[in-house]
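Enquirer: Task: produce atomic coordinates for the following.
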Amino acid sequence: MNTSAAPIVCIGGLNIDRKLKLLAHALGGSSNPCESHETPGGVVRNVAENLARLGLPVALVAAVGDDAGGRMLLEQAATVGIDTRAVIRLRRHASDSYTAVLAPDGSLQLGLAAMPLVESLNPWALEASKALRSGAALVVADGNLPTDAWPLLLAEARSSGIPLVGVAVSEAKMERLPERLDGLHLLVMNAGELATIAPDPVEAFDRLHARGVGCVLVSKGSEGLLLSTPGHAPRHWPAPQVDVVDVTGAGDALSAGVCASLLRAPDDFDAAARLGLALAALTLQTTDSVHAELTPDFLLNR
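Expert: Numbering: from 1, shown residues only. Model (predicted):
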């Protein structure tokens, strides 16, 4: 496996994931029995942990509070091999959190994001990690970032030539992306997020390419992936069929697999799609946001 010694720099959400899985269909206005599970989370943090467990060098740019949750997040990241020296520690703040209410079949019924600290990752705060990004092999940024962070990252990508991958996080936060996206090598999103651009997928792809996005990869869940590059009809990959335990983190695993593949071949989106699907399928089969048994062996012979 030929990978760069330069780090993949991941910028965005770092939070506590709380998962509440209903034991029966929810009854509105009533107490509902559930199972509770808490893990480190955040879209780009999950991407970073997947990459670190695959044996790739990863550095995280994010923000945490000085509470017990923040200390846990930093300790766990260090344990799995993520470089956290660029994480901002904010005094007298509680760390960000995301609560997922899951239906009995593991599908997401309601997501609740309390994430004010990620808003601190503005251009002024990102200046401290500029040297880290300039030496990166790949930069990954998630859609939790504030709107004013994107022009900085896009300009750096255009001037440095270092591939920038954007990972959407929700339909509501799609509006944070600026109109011009020149410099964005790849945008990873789901079908709902794509629909915020235009109801028709082909029209949405065309609009994103016209805004400057190099490649768009869309997850359609159990229906697989759509890949769009400028001037070509979208391509489809079917998803592996697995028994779903929990969908949380599967999209982040998809993004991590794609990034791991692009580290080896920045323009081979076909290989990136295949590796992303394989890692997402593995993650669907665990209650953890990142599969605890993931190792560098996953990348061998792929």
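
Enquirer: show me where the stretch 201-302 of the chain has strands.
Expert: For the stretch 201-302 of the chain, the strands defined by DSSP state E, counting those that start in this stretch occupy 215-219, 225-228, 235-237.

Enquirer: again with the stretch 51-200 of the chain
Expert: Counting by DSSP E, counting those that start in this stretch, the stretch 51-200 of the chain has strands at residues 58-61, 63-65, 82-83, 88-90, 97-102, 108-114, 138-142, 164-167, 184-190.

Enquirer: Select, out of those, the one closest to A239.
Expert: strand 184-190 (12.5 Å; C-beta to C-beta). Quick note: C-beta positions are derived from backbone N, CA and C, even for glycine.

Enquirer: Sheet-wise, list the partners of the closest one with their directions.
Expert: Using DSSP bridges, strand 184-190 pairs in its sheet with strand 164-167 (parallel), strand 215-219 (parallel).

Enquirer: Single out the most deeply packed of the ones you listed.
Expert: Mean neighbour count (mean count of other C-beta atoms under 10 Å) peaks for strand 164-167 among the strands paired with strand 184-190, with a mean of 26.

Enquirer: pLDDT on it, on average?
Expert: Averaged over strand 164-167, pLDDT sits at 97.

Enquirer: Please work out how many residues are found near G69.
Expert: A count of nearby residues for G69, using other C-beta atoms under 10 Å, gives 18.

Enquirer: can you list the strands of the stretch 51-200 of the chain in CSV and add distance to E203?
Expert: Below are the strands of the stretch 51-200 of the chain laid out as CSV (distance: least, C-beta to C-beta, whole Å):
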stretch, distance to E203
strand 58-61, 34
strand 63-65, 36
strand 82-83, 38
strand 88-90, 39
strand 97-102, 31
strand 108-114, 27
strand 138-142, 25
strand 164-167, 20
strand 184-190, 15
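
Enquirer: Out of those, which is closest to V44?
Expert: Closest approach to V44 among the strands of the stretch 51-200 of the chain (C-beta to C-beta): strand 138-142, 4.1 Å.

Enquirer: Contacts for that closest one next, please.
Expert: Strand 138-142 is contacted from outside by 8-13, 42-44, 47-48, 133, 149-150, 153, 156-157, 162-169, 255, 259, 262-263, 266, using C-beta atoms under 8 Å, 6 or more residues apart in numbering.

Enquirer: how far off strand 184-190 does that strand point, in degrees?
Expert: On the basis of axes from the mean of the first three to the mean of the last three C-alpha atoms, to 10 degrees, strand 138-142 is oriented at 40 degrees to strand 184-190.

Enquirer: Neighbouring strands of strand 138-142 in the sheet, and parallel or not?
Expert: Partners of strand 138-142 in the sheet, by DSSP bridges, are strand 8-11 (parallel), strand 164-167 (parallel).

Enquirer: Only the C-alpha atoms, please, for it, written as PDB.
Expert: The C-alpha trace of strand 138-142 is given here as PDB (Å, rounded to 0.1, in the frame of the first residue of the first chain):
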ATOM      1  CA  LEU A 138      -5.500  15.700   2.000                       C
ATOM      2  CA  VAL A 139      -7.800  18.100   3.800                       C
ATOM      3  CA  VAL A 140     -11.300  17.000   4.900                       C
ATOM      4  CA  ALA A 141     -13.900  19.500   6.100                       C
ATOM      5  CA  ASP A 142     -17.400  18.800   7.300                       C
END
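
Enquirer: chain center to it: distance?
Expert: Its chain's average C-alpha position is 9 Å from that of strand 138-142, according to C-alpha atoms, centre = their mean, to the nearest Å.

Enquirer: Same question for stretch 97-115.
Expert: Mean C-alpha position of stretch 97-115 versus that of the full chain (C-alpha atoms, centre = their mean) differs by 16 Å.
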